[in-house]
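Undergrad: structure for this input, please:
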Amino acid sequence: MPGGRLTQQERQQISLGLADGLAYAEIARRLDRPTSTITREVMRNGGPTAYRADLAHRATEHRAHRRRQTTPRDAKAAPQAHGRDAEAVREYEEAFTTLLMRQGLPKMMSRVLTCLYTDDTGSLTASELARHLQVSPASISKAITQLESQGLIRRERDERRRERYIVDNDVWYQGMIAAARSNAELAETARQGVALLGPDTPAAARLENIARFVDFVGESLARAAEQARDILYAQPGPPQTGTAGPGVPRRDGAGEIGPGRHP
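TA: Residues are numbered from 1 along each chain as shown. Here you go, the predicted structure:
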């Protein structure tokens, strides 16, 4: 599989593929590139409807030129823990950031959240975030405020009285529970329409089916989140064997997940 940056010819092929309505995976297959490379390329250059090969190529060259100007010639990449490949880590961070942006988070919030999730401690100060992302402290402060308001991170003071920003694994559990509640509200509203429109009408039947569907999905989601909550706090270790599959907590004789570590 070829490595390195995309060429101008490859970008033209991406543009043609998007115009033909091809999926990112199909474009990636034709170019013999990872799908994440194509996704990141398109999303950082206007998205599928605004992507232009020539503009994307110029923008990439501009970013590379600016990076060379801000990096001293004798500067070396920061050493990575556990023998990680620094370039591979950077590419992964970009892919993770792109995914968060596709799910609706603004770019700086996505970059900060990615930085925290990929740091072994899961906890960084504002100055550490600014240094890693090479942005101003003001940009970090704004992103932190927005992430806190959405419950995606929390802050606490360390032994040196510095504020540290922390990703809390339990936010994923809380998010699933919130989604289940949202489904319950949707089901309730749909059933109000059933009573209003009359139980024997096509519109009422449609709303009743919607209510039944989201009820089932919401209840299943809440039950699965509760049962799997311990996975969020599992410690690294060798893969478990058994029917539960890798990373799934062991169950007791009654079929329930045993007591876990909850905050």
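
Undergrad: how about the most centrally placed residue in the chain, phi and psi?
TA: What sits nearest the mean C-alpha location of the chain, by C-alpha atoms, centre = their mean, is Leu100, with 3.9 Å. The phi and psi values for Leu100, taken as degrees, to the nearest 10, are phi -60, psi -40.

Undergrad: same deal with Thr7?
TA: Phi and psi for Thr7, reported as degrees, to the nearest 10, are phi -90, psi 170.

Undergrad: also Pro48?
TA: phi -60, psi -30.

Undergrad: ok, Glu163 next?
TA: Dihedral angles (degrees, to the nearest 10) for Glu163: phi -80, psi 130.

Undergrad: neighbours of it, how many?
TA: 11 (other C-beta atoms under 10 Å). In short, each C-beta sits where N, CA and C put it, glycine included.

Undergrad: Arg162 too?
TA: Neighbourhood size, Arg162 [other C-beta under 10 Å]: 12.

Undergrad: quick one, helices of the stretch 1-150 of the chain?
TA: 8-19, 24-31, 35-43, 53-70, 86-102, 107-118, 126-133, 137-149 (DSSP state H, counting those that start in this stretch).

Undergrad: which one of those helices lies closest to Gln235?
TA: Gln235 sits nearest to helix 107-118 of all the helices of the stretch 1-150 of the chain, at 17.1 Å, using C-beta to C-beta.

Undergrad: what mean pLDDT does the closest one have?
TA: Averaging pLDDT along helix 107-118 gives 92.

Undergrad: I'd like the distance between Gly122 and Leu232.
TA: Gly122 sits 12 Å away from Leu232, going by C-beta to C-beta, to the nearest Å.

Undergrad: hmm, I typed the wrong one, I wanted Val135.
TA: 29 Å.

Undergrad: circling back to that earlier point, which residues does the residue nearest to the centre of the chain contact?
TA: Met109, Ser110, Leu113, Thr114 (C-beta atoms under 8 Å, 6 or more residues apart in numbering).

Undergrad: show me the shaky parts of the stretch 151-263 of the chain.
TA: Low-confidence segments of the stretch 151-263 of the chain (pLDDT under 70): 236-263.

Undergrad: brain fart, the stretch 1-150 of the chain
TA: 1-4, 63-81.

Undergrad: now with 80, please.
TA: 1-4, 59-84, 103 (pLDDT under 80).

Undergrad: let's verify the closest residue in space to Asp158 that isn't next to it in sequence: helix, strand, or coil?
TA: Excluding the flanking residues, the one nearest Asp158 by C-beta to C-beta, 6 or more residues apart in numbering is Arg164, at 5.3 Å. The three-state label given to Arg164 by DSSP: H, G, I helix; E, B strand; the rest coil is strand.

Undergrad: please name the nearest non-neighbouring residue to Arg44.
TA: Thr98 (6.7 Å).

Undergrad: ok, back up a step: in JSON lines, list the contacts of Leu100 along with distance to Gln12 and neighbour count.
TA: Shown next, in JSON lines, are the contacts of Leu100 (distance: C-beta to C-beta, whole Å; neighbours: other C-beta atoms under 10 Å):
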{"residue": "Met109", "distance to Gln12": "32", "neighbour count": "22"}
{"residue": "Ser110", "distance to Gln12": "28", "neighbour count": "21"}
{"residue": "Leu113", "distance to Gln12": "33", "neighbour count": "20"}
{"residue": "Thr114", "distance to Gln12": "29", "neighbour count": "22"}
